[in-house]
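Enquirer: based on what follows, work out the 3D shape:
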Amino acid sequence: MPAPDGLLVVDKPAGWTSHDVVGRARRLCGTRKVGHAGTLDPMATGVLVLGIGRATKLLTFLVGCDKDYTATIRLGQTTVTDDAAGEVTATTAADGVTRSALDAAVAALTGELEQVPSSVSAIKVKGERAYHRVRSGEDVVLAARPVTVSRFDVLDVRVADALGVAVVDVDVAATVSSGTYVRALARDLGSALGVGGHLTALRRTRVGAFRLEDAHSLEDLGALDGPEVVPVTPLAEAARAQFAVRELTQEEARTIGYGQRVESAQPGRTEPVAALAPDGTLVAMLDESGTKARSHVVFAPAGS
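Expert: Numbering: from 1, shown residues only. Model prediction:
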């Protein structure tokens, strides 16, 4: 028996790709229907939200959620990838950077920004991932995109040694909108301070309503007796935790289940709405931006 439909929050270990974790979860959950709500780089750890079974349909709506991170930025070294996975291209002594200059640069990178993603990101350029083009020797410069950094706090600052050059490691905590690259923040912070910078550690602690304390290690999941006891958050519970909720009448639930429209409860709402039947099951995710609510996606009964 496969795991029940729902969300599984995993604490991704370092060295694993998000696809690796999905593959492991497919075996643990006894189903091919597993996906994730937002990639983490192999060096990163922390919250990776997986959709199991019918919950894969929820992932589209979770990708756009705000996220929390803790990270370490090394000032004084620039790398090809803007993180520790890439070759160091320049080293500059950074022990002269003052705390006031650091705080001012961090403040300037907080709020509504136009951020240029890392050239080795997964963004597609003419149908091909940017990182593939970089690896083939192409010089890739991506267009800036609007992002929001609603929190960017310095937690600790310490001087370190990099082959005889004094660099500075800065521990930070950040809350960012979907599409924000924390390694690009590291790059831009180092650039603003005139010494270069890159990301040396990254841990995601929240995706929307799902936090690190909700996450399970792959080791713990692997010790379970079978797929049916995998600790997934059921569909309706997951939807209630993250989205605006509309309680349907039985007639409305039937109408929406057939893919038809009903009157919007709050016309003009721009966020997706979780529509629940009187028995508590999740029927659909609704778009109530107009006077008539239409379904983004309908959740067929399990096994159908």
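Enquirer: just give me the neighbour total for the spatially closest residue to V49 that is not a sequence neighbour.
Expert: Distance criterion CB to CB, 6 or more residues apart in numbering; nearest residue to V49, sequence neighbours excluded, is A37 at 4.2 Å. All C-beta atoms are positioned from the backbone trio N, CA, C, and that covers glycine. Neighbour count for A37, taken as other CB atoms under 10 Å: 26.
Enquirer: and the helix or strand harbouring V170, how far from the chain's centre?
Expert: In this assignment (DSSP states H and E), V170 forms part of strand 165-176. When distances are taken as CA atoms, centre = their mean, to the nearest Å, strand 165-176 is centred 20 Å away from the chain's centroid.
Enquirer: pLDDT of it, averaged?
Expert: Per-residue pLDDT over strand 165-176 has a mean of 98.
Enquirer: tell me which residues of that strand are tucked away?
Expert: By 16 or more other CB atoms under 10 Å, the buried positions in strand 165-176 come out as 167-170, 172, 174-176.
Enquirer: check stretch 10-28 too.
Expert: Neighbour-count burial for stretch 10-28 flags 10-13, 16, 18, 21-22, 24-26, 28 (criterion: 16+ other CB under 10 Å).
Enquirer: so which residues make contact with it?
Expert: Outside stretch 10-28, the residues that touch it by CB atoms under 8 Å, 6 or more residues apart in numbering are 3, 8, 32, 34-36, 38-40, 42-50, 52, 204, 212, 215-218, 221-222, 224, 227, 230.
Enquirer: return the distance of it from the chain's centre.
Expert: Relative to its parent chain, stretch 10-28 has a centroid offset of 14 Å by CA atoms, centre = their mean.
Enquirer: what is the end-to-end distance of it?
Expert: The stretch stretch 10-28 measures 12 Å between its terminal residues, going by CA to CA, to the nearest Å.
Enquirer: cool, stretch 262-276 as well?
Expert: 14 Å.
Enquirer: so which bits of that stretch are buried?
Expert: Neighbour count says stretch 262-276 has 262, 264-265, 269, 272-276 buried, by 16+ other CB under 10 Å.
Enquirer: and which of those is nearest to A101?
Expert: The shortest approach to A101 among the buried residues of stretch 262-276 belongs to P272, at 42.3 Å (CB to CB).
Enquirer: can you name the residues that contact that closest one?
Expert: P272 makes contact with 61, 243-244, 285-287, 296 under the criterion CB under 8 Å, 6+ apart.
Enquirer: for it, give me the pLDDT.
Expert: 96.
Enquirer: go on, E251?
Expert: We have a pLDDT of 96 for E251.
Enquirer: for the one 5 residues further on, same thing?
Expert: Reading off the confidence values, I256 has pLDDT 95.
Enquirer: just the helices in this protein please.
Expert: 18-29, 59-62, 99-108, 130-135, 182-192, 218-222, 235-242, 250-257 (DSSP state H).
Enquirer: which stretch in these is the model least sure about?
Expert: Mean pLDDT, when computed for each of the helices of the chain, is lowest for helix 130-135, at a mean of 59.
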